[in-house]
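Asks: everything below, folded, please.
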Amino acid sequence: MATDHIRYDVLARDALRGVLRKVLTDAAAHGLPGEHHFFITFVSKADGVKISPRLLAQYPEEMTIILQHQFWDLTVLEDRFEVGLSFGGIPERLIVPFSAIKSFLDPSVKFGLQFETSDVAEVAPETLPAAPSAVAVPAPATEAADGTEEPAAPSQGGAEVVRLDRFRKK
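Replies: Below you'll find the predicted structure:
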């Protein structure tokens, strides 16, 4: 097999993270339009993630946040975003590098991005991470920013491979 000197996997991953950056930048500048809202899952202990010890104890592996009604001071930088949320009535400031994000979902339009775990974890230089994929990602039920239990995003089910021959007239 030929060696990928161009690193298409890295280019694709960075482009998809650019989609996140653009969407969050627009939300920071103009708010969330219509019924749009975001489920963002990230690795709690990834490099650059800053959450309170209380939240880290509650979400030691990964955390899903929901940006919908009650968030403030959303700031988007080249490599990360920062946002204020309230958990159980306690305001918190989270700093999340784009490299720590495992998935992004906007269930209002059934759009999602999912990044392979190897994209988020430290990867040895000789190991190529799998390319990220743009898929609908159901998010688990989680505590909403206002402390109430948030329902799970609508399930899109698993992907199904469909052969085009099924639809051809015979």
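
Asks: how about the helices in this structure?
Replies: Counting by DSSP state H, the chain has these helices, from start to end: 8-30, 53-58, 117-120.

Asks: burial of the closest residue in space to I95 that isn't next to it in sequence, as a residue count?
Replies: Distances taken as CB to CB, 6 or more residues apart in numbering place K50 nearest to I95, at 3.9 Å, with adjacent residues excluded. Yep, even glycine has a C-beta here, placed from its N, CA and C like the rest. By the measure other CB atoms under 10 Å, the count of residues near K50 is 12.

Asks: I'd say K50 and L94 touch.
Replies: Yes: using CB atoms under 8 Å, K50 is in contact with L94, at 6.9 Å.

Asks: how about CSV for the helices of the chain, with mean pLDDT, mean neighbour count and distance to F111 added?
Replies: Converted to CSV, the helices of the chain look like this (pLDDT from 0 to 100; neighbours: other CB atoms under 10 Å; distance: least, CB to CB, whole Å):
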stretch, mean pLDDT, mean neighbour count, distance to F111
helix 8-30, 93, 15, 9
helix 53-58, 96, 12, 27
helix 117-120, 55, 16, 19
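
Asks: residue contacts, R17?
Replies: Residues in contact with R17, defined by CB atoms under 8 Å, 6 or more residues apart in numbering, are F98, S99, I101, F115.

Asks: any idea how far R7 is from it?
Replies: According to CB to CB, to the nearest Å, R17 stands 15 Å off from R7.

Asks: do the same with L113
Replies: Distance of L113 to R7, given as CB to CB: 19 Å.

Asks: higher neighbour count, these two?
Replies: The neighbour comparison of L113 against R7 (other CB under 10 Å) goes to L113, with 23 against 12.

Asks: for the residue nearest to that one when sequence neighbours are not counted, grab the count of nearby residues.
Replies: Among residues not flanking L113 along the chain, F104 sits closest, at 4.7 Å (CB to CB, 6+ apart). By the measure other CB under 10 Å, the count of residues near F104 is 25.

Asks: please shift the residue numbers so they start at 49 in all later answers.
Replies: Sure, I'll start counting at 49 from here, so that last one is F152.

Asks: confidence score at F152?
Replies: F152 carries a pLDDT score of 96 in this model.

Asks: would you map the strands across the protein?
Replies: Taking DSSP state E as the test, the strands found in the chain are 86-91, 110-115, 119-124, 128-135, 138-145, 149-154, 159-162, 190-191, 197-198.

Asks: so which of the ones you listed gets nearest A50?
Replies: Smallest distance to A50 across these (CB to CB): 26.8 Å, for strand 159-162.
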